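>>> this one's sequence-less:
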């Protein structure tokens with residue numbers, strides 16, 4: 001006996017079939033039941049076409065406000081491929097991108113034609129839709145989505161580094177726009193930028209766009225805008241260099257012995273730079289009033305193209321340099337004065353050549369005696385040279401301190 005299997009229809013689903021085997025021997029009969037799962041048949045091409053037609057009609061809205069995402073798909077749930085055509089309509093494309101008529105214009109009627117294909121079978125499906133005109137609220141929402149950094153940045157690349165004027169449009173797609181600044185001293189309502197002075201800090205600003213049409217209103221705020229302070233003038237750069245010892249202290253401590261950061265424990269000679277980028281530097285030994293002085297414990301001499309180039313933690317030292325020669329006293333500590341003068345002949349600021357500047361400052365150094373490992377505790381904190389020289393309470397061999 002042969003068994004013939006007839007698979008259930010796709011929509012009927014899988015079926016359980018029972019087969020009973022009967023075995024006889026003489027007067028004895030035995031039966032055994034077997035369960036078999038018969039899988040449903042695959043969809044037919046017609047079934048696939050019907051399912052995907054229903055899917056399209058169910059999922060494409062009759063009244064359209066947004067892009068139709070499923071028109072971008074070329075394979076539908078039941079396995080049909082689809083090709084779209086839209087006739088003469090200018091308000092929707094074959095990939096479902098919708099352009100709604102402006103506020104006040106009539107709705108647009110359109111027919112989408114989907115050609116479905118499964119295996120060798122095809123079917124055309126026509127789907128009528130109505131593309132709704134924009135309302136005032138819709139127009140404002142669309143305009144609000146345009147408000148971002150890219151809209152207003154103008155020539156500025158990064159909103160955290162604003163240096164020039166922004167563009168703040170007064171209309172967007174027929175929507176009125178008014179702007180307000182959280183800090184109009186630095187960005188005004190027209191987008192004009194005023195940078196803080198160099199001595200001040202960068203400034204954070206947010207800009208709010210107030211959109212309106214008729215009685216409908218909305219607002220969008222662009223945050224994270226930073227207006228950078230102005231670049232330093234030549235004079236400011238010189239003043240900053242001579243005042244901030246952190247800018248040149250690594251030259252003093254390059255050999256590892258002069259390790260302090262305030263010039264109060266000098267033990268051996270060191271190198272000083274003759275230039276830093278476009279800043280030319282002059283170093284000299286002076287007295288507390290800033291006049292040139294001769295000091296046996298401390299001398300500064302300019303070197304141009306020395307025979308050897310020193311190196312240290314900061315790498316090779318420029319072949320244009322000053323050598324500060326330190327001769328330590330035996331028992332006591334001495335105080336000396338060093339003046340640095342910085343000059344810039346001219347410099348370029350934001351593409352414009354501007355006159356240079358100069359500045360100078362006197363720094364106080366403490367040279368430790370050979371038997372002294374650090375500045376004595378009884379030595380008071382050194383005053384700024386402009387306030388007069390510090391006095392020493394411990395008996396000291398004053399040496400020559402540039403009087």
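Yep, that arrived. The model shown is predicted, which means the values in this text are computed figures rather than measured ones. Numbering: from 1, shown residues only.

>>> and residue 51, how many neighbours does it have?
For residue 51, the tally of surrounding residues (other CB atoms under 10 Å) stands at 20. From N, CA and C alone the C-beta is placed, and that goes for glycine too.

>>> and residue 111, by the same measure?
Residue 111 has 13 neighbouring residues, counting by other CB under 10 Å.

>>> the helix or strand encompassing it: what's the following helix or strand?
Per DSSP states H and E: residue 111 is located in strand 108-118. Downstream of strand 108-118, the next assigned helix or strand under DSSP H and E is strand 121-131.

>>> what packs against whichever helix or strand comes after that following strand?
Past strand 121-131, further along toward the C-terminus, the next helix or strand under DSSP H and E is helix 136-144. For helix 136-144, the elements it packs on are strand 175-181, strand 203-213, strand 216-227, judged by 3 or more CB pairs under 8 Å, 6 or more residues apart in numbering; DSSP states H and E.

>>> show me what counts as buried in helix 136-144.
Across helix 136-144, burial judged by 16 or more other CB atoms under 10 Å covers 136, 138-140, 143-144.

>>> same question, stretch 226-239
Buried residues in stretch 226-239, counted by 16+ other CB under 10 Å: 227-228, 230, 232-239.

>>> how about those, which pair is most distant?
In terms of CB to CB, these reach their longest pairwise distance at 227 and 238, which sit 25.2 Å apart.

>>> can you name the residues in contact with stretch 88-96?
64, 67-72, 84-86, 98-101, 108, 110, 112, 129, 131 (CB atoms under 8 Å, 6 or more residues apart in numbering).

>>> beyond the helix or strand bottoming out on mean pLDDT in the chain, next helix or strand please.
Of all helical and strand segments in the chain, the minimum by mean pLDDT, DSSP states H and E falls on strand 315-316, at a mean of 42. Downstream of strand 315-316, the first helix or strand assigned by DSSP H and E is strand 320-326.

>>> reformat the helices and strands packed on helix 136-144 into JSON lines and put mean pLDDT next to each item.
Output for the helices and strands packed on helix 136-144, formatted as JSON lines (pLDDT from 0 to 100):
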{"stretch": "strand 175-181", "mean pLDDT": "96"}
{"stretch": "strand 203-213", "mean pLDDT": "97"}
{"stretch": "strand 216-227", "mean pLDDT": "96"}
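
>>> what's the closest of those to residue 294?
Among the helices and strands packed on helix 136-144, the nearest to residue 294 by CB to CB is strand 203-213 (50.3 Å).

>>> show me where pLDDT drops low in the protein?
Within the chain, the ranges that satisfy pLDDT under 70 run 1, 305-319, 347-355, 375-403.

>>> quick check: longest helix of it.
Criterion DSSP state H: the longest helix present in the chain is helix 45-59.

>>> what's the following helix or strand after that helix?
Next along from helix 45-59, by DSSP H and E: strand 63-64.

>>> just give me how far that next one sits from the chain centre.
Here strand 63-64 is found 40 Å from its chain centre; the criterion is CA atoms, centre = their mean, to the nearest Å.

>>> parallel or antiparallel, which strands does that strand pair with?
strand 121-131 (parallel) (DSSP bridges).

>>> how far away from the center of its chain is the partner strand?
The chain centroid and the centroid of strand 121-131 are separated by 48 Å under CA atoms, centre = their mean.

>>> would you mark the buried spots in it?
In strand 121-131, counting by 16+ other CB under 10 Å, buried: 123, 125, 127, 129, 131.
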